[in-house]
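*Asks:* sequence plus the predicted model coming up.
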Amino acid sequence: MKKLLIIFSFMLFYFPLLKAQEKTERKQFPYSNRFSIQTGLLQDILLNGQNIVLTYTTQRLVVDWSHGNSLDFNSGHHFKNNEGYNTQRLDVKMPWTTGPSIGYRITPFFNVRAEFKAHRNKLMYENTNTSIVSYTTYTVGLGAFYSWYPFRKKNNWLDGICIEPVIRFWPTVGSSLTDNYHYENKLTGERERIEPYKLGWLANINIGYTFGGR
């Protein structure tokens, strides 16, 4: 009788744990506890540069580090949202842009992230390599990411291929550029003032691979 009570008590304790574990496993998001590597088409194609993103995803948490280099925002480009840069006939290049993000998976394939970035800006006269000034801007923004795995139902290496549309808002929160920076513009013949370059809204598509599958 005593043994039966012990077995019955064990079952009362153990079976709820099994049920809870099964419930947790059913709710487990795919591609959890996985590393990914990606590149952005915006940087690679439109800005003639390179970009790499390393991401680690848990059940809910997303952490990444993004680094871009040799990005070219030419003076006629629609990314130039400082009107003064156009009238002063300036080109903007970013030798590097880098920083981490941390986010939360709202659904298995949609997450939002807080992004902390530093961007090195190099201003030059348009269509020349004549540098005027270099400085660093700092942004703290938000990003919305949707991860699409077109082959996720495959039981082979193809299930790690990921296409990720991204929408970001990166407001500038600081800059190393001296306040009221002025210079003599050789093209306009005027004494001009430069403000820190602003990125604002950005859209991108990341292409990459998640290691380990679902």
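*Replies:* The structure has been received and is ready for your questions. Residues are numbered from 1 along each chain as shown.
*Asks:* give me the pLDDT for the nearest residue to residue 214 once chain neighbours are set aside.
*Replies:* Counting by Cβ to Cβ, 6 or more residues apart in numbering, residue 214 lies nearest to residue 30, which is 4.3 Å off, once chain neighbours are set aside. Placement of C-beta: from N, CA and C, glycine included. You'll see residue 30 listed with a pLDDT of 94.
*Asks:* count of residues packed around residue 30?
*Replies:* 15 (other Cβ atoms under 10 Å).
*Asks:* does it sit in a helix, a strand or a coil?
*Replies:* Three-state call for residue 30 (DSSP: H, G, I helix; E, B strand; the rest coil): coil.
*Asks:* sketch out the helices for the protein, chain order is fine.
*Replies:* 2-27, 41, 83-87 (DSSP state H).
*Asks:* who does the most centrally placed residue in the chain bridge with?
*Replies:* With distances taken as Cα atoms, centre = their mean, residue 66 lies nearest the centre of the chain, 5.9 Å away. Residue 66 has these beta-bridge partners by DSSP bridges: residue 53, residue 99.
*Asks:* so where's the chain shaky on pLDDT?
*Replies:* Low-confidence segments of the chain (pLDDT under 70): 1-26, 75-83.
*Asks:* in it, which spans are strands?
*Replies:* Counting by DSSP state E, the chain has strands at residues 34-40, 50-57, 61-73, 90-105, 110-125, 131-146, 161-170, 172-175, 181-184, 191-194, 200-210.
*Asks:* reformat these as CSV; add distance to residue 152.
*Replies:* Listed next are the strands of the chain as CSV, based on distance: least, Cβ to Cβ, whole Å:
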stretch, distance to residue 152
strand 34-40, 12
strand 50-57, 14
strand 61-73, 17
strand 90-105, 15
strand 110-125, 14
strand 131-146, 13
strand 161-170, 9
strand 172-175, 37
strand 181-184, 50
strand 191-194, 48
strand 200-210, 10
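*Asks:* so which of those is nearest residue 153?
*Replies:* Closest to residue 153 of those is strand 161-170 (Cβ to Cβ; 12.1 Å).
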